[in-house]
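S.K.: sequence first, predicted coordinates after that:
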Amino acid sequence: LLDAALSGKREPHEIFQRAFDGLVGQKVRVELDCPQNNQSEKIVTVEGRVFSVGFDFVVLRSLRNREMIVPFEHVLTIAHSERFAESHEEHGLHDIDPCFRRRLTFNFGETVASSPELIQIFFRIRLKIYLLLLSGKKVFVQIDGEKMKGKIVDVHTESFSLCLPKKVREIPIRNICFIQVIEKEKGLR
């Protein structure tokens, strides 16, 4: 195990986890390898502040506070556009309630398993689990050459169901270029 730990070999998801961990709170521009319809150019660029880093994806927040979920497998380059990082709230368990601290200590598995936030802190959430949190929300999805807007209605191990205006479409998770969560603007119905 020590040889494996010291080998310097890293899985692609580990490389992106470390890169994005160092950029949490900073504004970044990410180039993605996403095929486009009728275009030879397949590079798509997305921008936002690094909000959260999962096991195999990153969540960016745009200026309008919209979430954009980007799987690591499509990331080509990451560029941060700010010279200095702004302070951000760090996820931590420093100032937690003593009762919660006791529950976490003595019932760790049950406590962590019941909270997506704690799963993220201790183990990092995988994209397919994060999609469960988006169930019932309207999203904009870009997959291989297509852009769709709909509501996530069901999440499976390898795919999720997107309710479009006239049909429900099954989308393989591995085909996702990015997902943007559509928030309703205040004052609109």
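M.R.: Now that the structure is in, tell me what you want to look at. Because the structure is predicted, anything quoted here is derived from the model rather than measured.
S.K.: parallel or antiparallel, which strands does the helix or strand that contains residue 59 pair with?
M.R.: Using DSSP states H and E, residue 59 falls within strand 57-61. Its sheet considered, strand 57-61 pairs with strand 43-53 (antiparallel), strand 67-71 (antiparallel) by DSSP bridges.
S.K.: buried residues in the longest one?
M.R.: By neighbour count with 16 or more other Cβ atoms under 10 Å, strand 43-53 contains the buried residues 44, 46, 48-53. Glycine gets a C-beta too; all of them are placed from N, C-alpha and C.
S.K.: for stretch 123-142, same thing?
M.R.: In stretch 123-142, counting by 16+ other Cβ under 10 Å, buried: 124-125, 127-131, 134, 138-139, 141-142.
S.K.: try stretch 94-111
M.R.: Neighbour counts over stretch 94-111 (16+ other Cβ under 10 Å) mark residue 104 as buried.
S.K.: what average pLDDT does it get?
M.R.: Mean pLDDT, stretch 94-111: 88.
S.K.: who's in contact with that stretch?
M.R.: 93, 112, 118 (Cβ atoms under 8 Å, 6 or more residues apart in numbering).
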